[in-house]
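Colleague: Starting from these lines, generate the structure:
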Amino acid sequence: SPARVEVVEEMQAVSDEFRTLLFSESGIDWYRKQVENSRQKVARFLHVHLGEGGGSLVFVPNTTTAYRLALAALEFHPGDIVITSDQEHLSTLQALYSLKQRGVELIVIPASSEGRFLTQLDDICNERKVRLITVSHVAHTDGRILPLQQVCEIAGRRNIILAIDGAQA
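Modeller: Prediction:
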């Protein structure tokens, strides 16, 4: 959707101010203060408590980077099982397929039918030791909303790590 006028004006004001400070010590200090101020505001908005050094909230350039960082933080081992849907963004699927090189088994469940998707997900989680379930909240292809409440319940009952891509939501 189009940006609100006051947002565009604020972005322009910050950009103009930064341009005058570029490549200077005062500019670096100003930039760091802006980033910290933004972190504090986002943390309040999300109801996140920033840890020492603000380690619980990180700004990254895009969702793909964030997703790859999150995957890297999970120590996968050969034989681990990851489940996802066939509605994931290409960059997500690429990151997941790269785990196969490390011996991780990737199971992609078709999400054409919500009921069948949930049944398959539940069945696999009953039969196998799943390490991670990762799904989008909203499919980038057609805007379909995946059944997160039920996916959360399935993962929660079995203490499975759940990663939700909320970029499209």
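Colleague: CA atoms for contacts and neighbours, from now on please.
Modeller: Will do.
Colleague: Contact partners for residue 166?
Modeller: 136, 137, 138 (CA atoms under 8 Å, 6 or more residues apart in numbering).
Colleague: try 7 Å this time
Modeller: By CA atoms under 7 Å, 6 or more residues apart in numbering, the contact set of residue 166 is 136, 137.
Colleague: Other residues contacting stretch 111-127?
Modeller: Counting by CA under 7 Å, 6+ apart, 85, 86, 87, 109, 110, 154 sit against stretch 111-127.
Colleague: Quick one: mean pLDDT for that stretch?
Modeller: What stretch 111-127 shows for mean pLDDT is 96.
Colleague: The chain should start at 8 in everything you say after this.
Modeller: OK, 8 is where the count begins now, so the last one is stretch 118-134.
Colleague: Out of the contacts of stretch 118-134, who's the most crowded?
Modeller: Highest neighbour count within those, by other CA atoms under 10 Å: residue 94, with 24 neighbours.
Colleague: As CSV, could you dump the C-alpha coordinates of the longest helix seen in the chain?
Modeller: Taking DSSP state H as the criterion, the chain has its longest helix at helix 32-53. The C-alpha coordinates for helix 32-53 follow below in CSV (Å, rounded to 0.1, in the frame of the first residue of the first chain):
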residue,chain,number,x,y,z
GLU,A,32,32.4,11.0,13.4
SER,A,33,29.3,12.9,14.3
GLY,A,34,27.5,11.2,11.5
ILE,A,35,28.5,7.7,12.8
ASP,A,36,27.3,8.6,16.3
TRP,A,37,24.0,10.0,14.9
TYR,A,38,23.5,6.9,12.9
ARG,A,39,24.1,4.6,15.9
LYS,A,40,21.6,6.6,18.0
GLN,A,41,19.0,6.4,15.2
VAL,A,42,19.4,2.6,15.0
GLU,A,43,19.2,2.2,18.8
ASN,A,44,16.1,4.5,18.9
SER,A,45,14.5,2.5,16.2
ARG,A,46,15.3,-0.8,18.0
GLN,A,47,13.7,0.6,21.2
LYS,A,48,10.5,1.7,19.3
VAL,A,49,10.2,-1.6,17.5
ALA,A,50,10.8,-3.6,20.7
ARG,A,51,8.0,-1.6,22.5
PHE,A,52,5.7,-2.2,19.5
LEU,A,53,6.4,-6.0,19.5
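Colleague: buried residues in it?
Modeller: By neighbour count with 16 or more other CA atoms under 10 Å, helix 32-53 contains the buried residues 34, 37, 38, 46, 47, 50.
Colleague: Measure how buried residue 135 is and give me the count.
Modeller: The number of residues packed near residue 135 is 10, by other CA under 10 Å.
Colleague: List the contacts of stretch 105-112.
Modeller: 84, 85, 86, 87, 88, 89, 113.
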